[in-house]
Each structure stands twice: as structure tokens, then as C-alpha cells.
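*Asks:* Sequence plus predicted model, see below.
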Amino acid sequence: MQRRAVAAAAATRKNDNDRKYDDDDDDAKPLMDDNDNADNSSANGKRSSTRLKKPRNNICVCAMLTLLLMAMAMWIGVGMSPLSHTVSIEKVPGKNTNKNVGGGGGGVDNDFGIAANYNHNDDTRMTTSPTTNATLHIIFSTDSYKIYQPGYITRIASGCTTNEQNEAQAWHDTHIRKRMSDRYRIHFTPHFSKVKDDETGEYMKDYKFFNKPFGLKHFMEFNELMGFSDDDDESSSSGARRMKHPNDVIILADPDFVLLRPLSDDFSNEREVLVGKRRESIFFVKETHIVSRGNPYAQTYGLGAQWRRFDIDAIAGPNSPAKSVDQTEGGLYFPAGPPYIVVASDMYAISEKWSEFAPKVYKQYPHLLAEMYAYCIASAHLNLRHMLVDSLMISASGAPGEGWKFIRDMPANDVCNIASHPDHSVHALPSVIHYCQRYGVDKYFWGKKKMNHNIFTCEHSLLIEPPSDLGSGKYMDVLAKGKNADPKLTAFMICALTKATNDAMVYFKSGHCDGGGNRKKEYAMTA
């Protein structure tokens with residue numbers, strides 16, 4: 001039986017607001033457990049005391065750039081955002097002759113990153129993994145042909161009115177599905193941000209990230225690509241519903257990602273996988289490095305084992321297996337974050353418990369990251385130990401537990417060129433950029449919340465491109481908000497995101513502006 005893989009994005013409200021960490025707040029990151037203080041595989045977080053702390057009030061809950069990118073995707077008519085570069089893991093139409101996984105950059109020969117000789121009829125070939133034969137279904141807000149990620153791509157949108165849903169579906173059908181591919185989907189769910197308290201029956205405070213677990217569960221139950229069988233055969237005689245595609249693989253992503261190479265369910269290529277020292281012994285003794293039942297993968301996040309400090313009895317019940325997880329196991333297997341890569345049967349089980357537990361966690365901890373802690377508890381409750389890897393993501397420059405080794409291995413004088421034209425066959429790359437921070441080297445800066453609201457107009461100029469040797473260390477005269485981060489690593493982020501933003505603007509102008517619009521590179525984003 002052919003295995004399919006489904007990648008599900010963070011479910012969002014009708015405006016597709018993203019979140020994560022405030023790009024103006026270097027400290028607004030997941031907090032870490034004491035046991036993770038010496039763990040370089042604990043990603044994305046400041047070292048902290050063992051006490052659960054309330055995040056700062058200015059944590060980002062609505063990043064303007066993500067809204068602009070989604071608007072661009074909804075206006076351009078092709079559903080593309082070069083800030084979500086996607087990559088095919090098979091040989092793609094065009095000039096790209098790279099046979100390795102993730103040959104990003106090949107086959108692109110025009111100024112906005114679309115393969116000039118792309119053939120819509122070849123699109124059906126872009127659905128399977130060359131190593132697992134899994135059909136991929138990528139589900140997130142926007143995407144691009146720039147890197148050719150195979151599979152179905154579905155946006156999950158929660159809380160639309162009937163009129164909004166009809167308008168969005170009509171626009172999607174006309175400008176995305178018919179013009180690009182049937183692989184591009186949109187899935188609507190009810191409004192889940194307000195959830196009733198089981199005890200009082202009253203609606204809890206609006207917490208829009210409830211849409212993530214509830215939206216995922218809704219997608220898996222009701223989307224035509226997923227769902228359950230109506231058959232009443234022997235396999236369902238126990239009364240349990242039978243999934244149509246239990247061996248699909250769900251890749252749950254966030255909307256503020258840039259794909260540098262393919263998201264895959266295969267982690268067997270040592271060249272492109274980084275694992276923290278504490279987890280190396282776990283990784284190398286595994287019988288398989290392909291995502292399978294009982295064998296989920298995810299990016300390491302700096303959540304530690306803090307989820308164990310919640311009242312697990314109240315959340316998961318007094319007999320929950322999560323209670324038997326000790327401090328070491330809790331920090332090794334469960335501080336997971338997107339991308340989550342999990343077989344559908346396991347992910348549906350997680351989505352059920354995640355949806356059940358998230359409101360209860362939020363009741364105890366009404367702050368950012370409540371739903372991420374709920375994911376940890378749901379996974380532990382189901383005994384689904386995750387293999388956490390570092391190479392799926394980079395976000396905060398130099399953060400431990402992320403794929404920064406790949407960037408450090410690049411020549412400093414050329415890091416900007418590599419970031420602007422990523423080619424995984426030449427330089428190993430992390431899978432995604434998670435642009436949840438602010439990035440500055442000297443006078444060159446990129447931050448999603450600082451983006452001009454009018455960039456998608458014919459008149460607006462493009463971003464000034466940084467010098468190709470921005471990562472060399474010689475551009476240090478101007479301090480970015482009082483300090484300069486590692487110039488090489490930060491330069492990679494600035495150059496990649498500047499190029500991607502300009503690609504998006506040029507694509508917009510090419511489709512909407514007489515004469516191609518203003519293409520002067522004069523716009524300087526300021527901190």
C-alpha cells in the first residue's frame with residue numbers, strides 16, 4: 001500500500017495571524033528547564049530558572065509581515081510567497097539537474113524565482129518522496145514554486161463568516177487552484193479561539209492558538225484528503241472509526257517559515273541531520289530514521305521538561321502515563337515544536353488529546369506557549385516519544401539546538417550569496433527559517449513587524465540588498481538595538497529574508513503593474 005504524507009500547518013483564524021516570539025524582544029522565547037542548562041540540543045530558548053515564568057507582555061501575537069504575505073498570496077493570483085520557499089525532493093522540471101534531496105535554486109532563471117519553463121502538466125509528478133514513496137500534503141498559509149516542495153499544500157483557516165468563506169474559496173479556486181495546481185487547497189474550520197470550560201460551561205478567554213490543535217483535528221476528521229471510512233466492515237466492528245489514510249505523514253508547520261530545502265519524512269541522510277549530543281545515542285540506535293507509527297520526529301525547542309510541573313491530574317487524569325515520565329525523559333523526548341512530522345494515525349491521537357488538554361493547560365497557564373506545553377503532555381500521555389532533531393529549523397541567531405552548524409560551516413565572505421540562492425547539494429542547509437526574531441548587522445536589518453504596510457504596490461521600491469560579504473565581520477560600525485549579534489549567522493538571515501521579500505514584491509509587480517512597477521532597490525528597513 002502506498003504511503004502518503006500530509007503536512008499540516010498551524011491552523012489560523014480568518015486573518016491567518018501568526019505568532020511565536022516578538023521580533024523586538026530577544027528574551028521572548030520558550031523557557032528552559034534546569035536539566036536543559038547543559039543541553040546544547042535544547043533549542044530556541046534562553047536559559048532560565050526552574051520556575052515557570054510569565055512571558056513578557058510585548059510578545060508578538062500578530063506579525064504584520066505574515067499578514068502581508070498572505071495578502072500577497074491572495075492578491076497575486078498564484079498563491080505564492082517567496083518567503084515560504086518550497087523545494088521538490090525529486091528532480092524538477094527546468095535546469096535543475098541535482099539528484100540530491102533539496103537541490104534548491106536549480107531551474108530558476110528569472111528575477112523572481114519561478115522556473116521559466118515550469119510545465120503545469122508536470123505538476124502531478126511532484127507528489128511523492130523518492131525514498132519513502134509518500135505522497136506529501138503540505139498545509140500552511142502560503143507557498144512557492146521556488147524550491148519545489150512536493151505534495152498537496154493546504155491552508156487551514158478558522159473562524160470565517162459564510163461570506164468570507166465563500167469569497168476566500170472562490171478566490172482560491174480562480175487564482176490558485178486553477179492557475180497553479182489542484183495540489184493547493186484551503187480548509188475552513190469553525191472558530192476555536194474561545195473554548196468552554198468543562199467545569200463551568202463558560203467560554204474561556206479568547207486564545208487564538210486553540211485553533212492549532214482544534215484546527216488540525218478538524219482537518220484530519222473532515223478534509224477530503226483525510227477523514228474516516230464509512231464502511232461497516234470487520235476492521236471497524238469494534239466500533240472504532242477507521243481512518244482512510246492512517247499511514248499518511250502529517251507535517252505540522254507554522255506560517256512564518258521559509259523553506260530552504262524539502263520537509264521530508266526521511267532522516268536517514270546523515271549529511272543533512274543534526275542531533276544534539278544528549279540525543280545522539282538515541283538517534284543512532286534507532287532501527288529506522290523514517291517517520292513511522294510510534295516514531296514521530298520534530299524540531300527541538302527550548303521547552304525542557306517544564307510541562308511536568310503542571311497539574312497533570314487535572315489535565316490528563318490521575319492515571320495518565322504522562323505522570324510516569326521522569327525529568328530526564330521529559331526533557332529528551334517531549335520538548336517538541338514545529339515542524340512536527342508524525343504518522344497520521346499517531347497525529348490524530350495527538351490531536352484528540354491536544355485539543356482536550358490545551359484549554360486545561362491554558363487555565364493553569366494563561367500565557368503564550370500554553371498549547372505547546374499541551375502538545376508535550378498529549379505526546380507523553382500517549383507514550384509517543386519524539387525523536388527531536390536540530391536541523392529542521394534556524395530562528396534566533398546562534399540559538400542552541402538549531403541548525404546553525406550548517407551556517408557556521410559556510411565561508412563567511414560568501415554566506416550572503418548562499419542565503420540568497422540556497423542549494424542544498426552544495427552547502428547543507430536547515431529545512432526552514434523561522435523568522436520570529438529581528439536581525440541586524442551594522443545598518444542592514446530585517447524584522448517582520450517593521451515591514452512597511454505598502455510594499456505590495458507598484459510604486460514601492462524594493463529592499464536595499466546587503467553587500468555580499470555582510471557576514472565577513474567588517475560591517476560592525478552601527479549597533480543593532482545596542483548590540484551586534486554574530487555577523488555571519490545574522491547575515492545569513494538578513495540576506496535570505498531580503499532576497500525572499502524582494503522576490504515577493506517583484507512577483508507582485510510583474511502581475512499587477514504596467515511596466516513592471518518600481519524595481520529600484522532603495523527601501524531601507526529600520527529597526
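*Replies:* Yes, it's here.

*Asks:* Kindly state the domain boundaries assigned to the protein.
*Replies:* As assigned by automatic domain parsing, the chain contains the domains 1-15+79-265, 403-523.

*Asks:* lowest-confidence stretch among the ones you listed?
*Replies:* Lowest mean pLDDT within these: domain 1-15+79-265, a mean of 64.

*Asks:* Return the residues in contact with residue 325.
*Replies:* Residues near residue 325 by C-beta atoms under 8 Å, 6 or more residues apart in numbering: 308, 333, 334, 380. The C-beta positions use only the backbone N, C-alpha and C, and glycine is treated the same way.

*Asks:* Tell me how far it lies from residue 248.
*Replies:* Computed with C-beta to C-beta, to the nearest Å, the distance linking residue 325 and residue 248 is 27 Å.

*Asks:* who's in contact with the residue nearest to residue 517 when sequence neighbours are not counted?
*Replies:* In this structure, residue 517 finds its nearest non-sequential neighbour in residue 509, 3.2 Å apart by C-beta to C-beta, 6 or more residues apart in numbering. Shown in contact with residue 509 (C-beta under 8 Å, 6+ apart): 458, 516, 517, 518, 519.

*Asks:* Which of the residues you listed sits closest to residue 496?
*Replies:* Comparing the contacts of residue 509 against residue 496 with C-beta to C-beta places residue 519 closest, at 19.9 Å.

*Asks:* Tell me the spatial nearest neighbour of the closest one, not counting adjacent residues.
*Replies:* Closest residue to residue 519 apart from its sequence neighbours, by C-beta to C-beta, 6+ apart: residue 462 at 6.0 Å.

*Asks:* My read is that the one you found contacts residue 503, right?
*Replies:* No. With contact defined as C-beta atoms under 8 Å, residue 462 and residue 503 do not form a contacting pair (9.6 Å).

*Asks:* Would you mind measuring from the residue nearest to residue 519 to residue 204?
*Replies:* As defined by C-beta to C-beta, residue 462 lies at a distance of 44 Å from residue 204.

*Asks:* Can you pick out the residue with more neighbours from those two?
*Replies:* With neighbours defined as other C-beta atoms under 10 Å, residue 462 and residue 204 compare such that residue 462 has more, 21 against 16.

*Asks:* show me where the stretch 101-250 of the chain has strands.
*Replies:* 135-138, 152-158, 184-189, 249-252 (DSSP state E, counting those that start in this stretch).

*Asks:* Tell me which other helices or strands the second one touches.
*Replies:* Applying 3 or more C-beta pairs under 8 Å, 6 or more residues apart in numbering; DSSP states H and E, one finds that strand 152-158 contacts strand 12-13, strand 135-138, strand 184-189, helix 211-222.

*Asks:* winner for burial among these?
*Replies:* Among these, the stretch with the highest mean neighbour count (mean count of other C-beta atoms under 10 Å) is strand 135-138, at a mean of 26.

*Asks:* for this protein, which helix is longest?
*Replies:* The helix that spans the most residues within the chain, counting by DSSP state H, is helix 487-512.

*Asks:* Pull out the buried positions in that helix.
*Replies:* Under the neighbour-count criterion of 16 or more other C-beta atoms under 10 Å, helix 487-512 has 487-510 buried.

*Asks:* Kindly report the same for stretch 266-276.
*Replies:* Buried residues in stretch 266-276, counted by 16+ other C-beta under 10 Å: 266, 267, 272, 273, 274, 275, 276.

*Asks:* In strands only, show me those.
*Replies:* Judged by DSSP state E, the subset of those located in strands is empty.

*Asks:* From those, pick the one nearest residue 527.
*Replies:* Using C-beta to C-beta, residue 274 comes nearest to residue 527 of the buried residues of stretch 266-276, at 30.1 Å.

*Asks:* gap between that closest one and residue 385?
*Replies:* The spacing between residue 274 and residue 385, counted by C-beta to C-beta, is 19 Å.

*Asks:* Check residue 262 too.
*Replies:* Distance, residue 262 to residue 385, by C-beta to C-beta: 25 Å.

*Asks:* When the two are compared, which one has more neighbours?
*Replies:* Taking other C-beta under 10 Å, residue 262 and residue 385 do not tie; residue 262 has more neighbours (27 against 18).

*Asks:* From what I see, that one and residue 431 are in contact.
*Replies:* Yes. With contact defined as C-beta under 8 Å, residue 262 counts as touching residue 431 (7.2 Å).

*Asks:* How about the contacts made by the nearest residue to residue 496 once chain neighbours are set aside?
*Replies:* With sequence-adjacent residues excluded and distances taken as C-beta to C-beta, 6+ apart, residue 496 is closest to residue 419, at 3.9 Å. By C-beta under 8 Å, 6+ apart, the contact list for residue 419 reads 491, 492, 493, 495, 496, 499.

*Asks:* Residue 319: which of those is nearest?
*Replies:* Taking C-beta to C-beta as the measure, residue 319 sits nearest to residue 493 out of the contacts of residue 419, at 45.8 Å.

*Asks:* Who are the contact partners of the residue lying closest to residue 379 once chain neighbours are set aside?
*Replies:* Excluding the flanking residues, the one nearest residue 379 by C-beta to C-beta, 6+ apart is residue 334, at 5.5 Å. Neighbouring residues of residue 334 by C-beta under 8 Å, 6+ apart: 303, 305, 307, 325, 376, 379, 380, 385, 386.

*Asks:* Out of the residues you listed, the closest to residue 296 would be?
*Replies:* For these, the nearest to residue 296 is residue 386 (4.9 Å; C-beta to C-beta).

*Asks:* okay, the closest one: pLDDT?
*Replies:* For residue 386, pLDDT reads 98.

*Asks:* Just to check, it is in contact with residue 296?
*Replies:* Yes. Here residue 386 reaches residue 296: they are 4.9 Å apart, a contact under C-beta under 8 Å.
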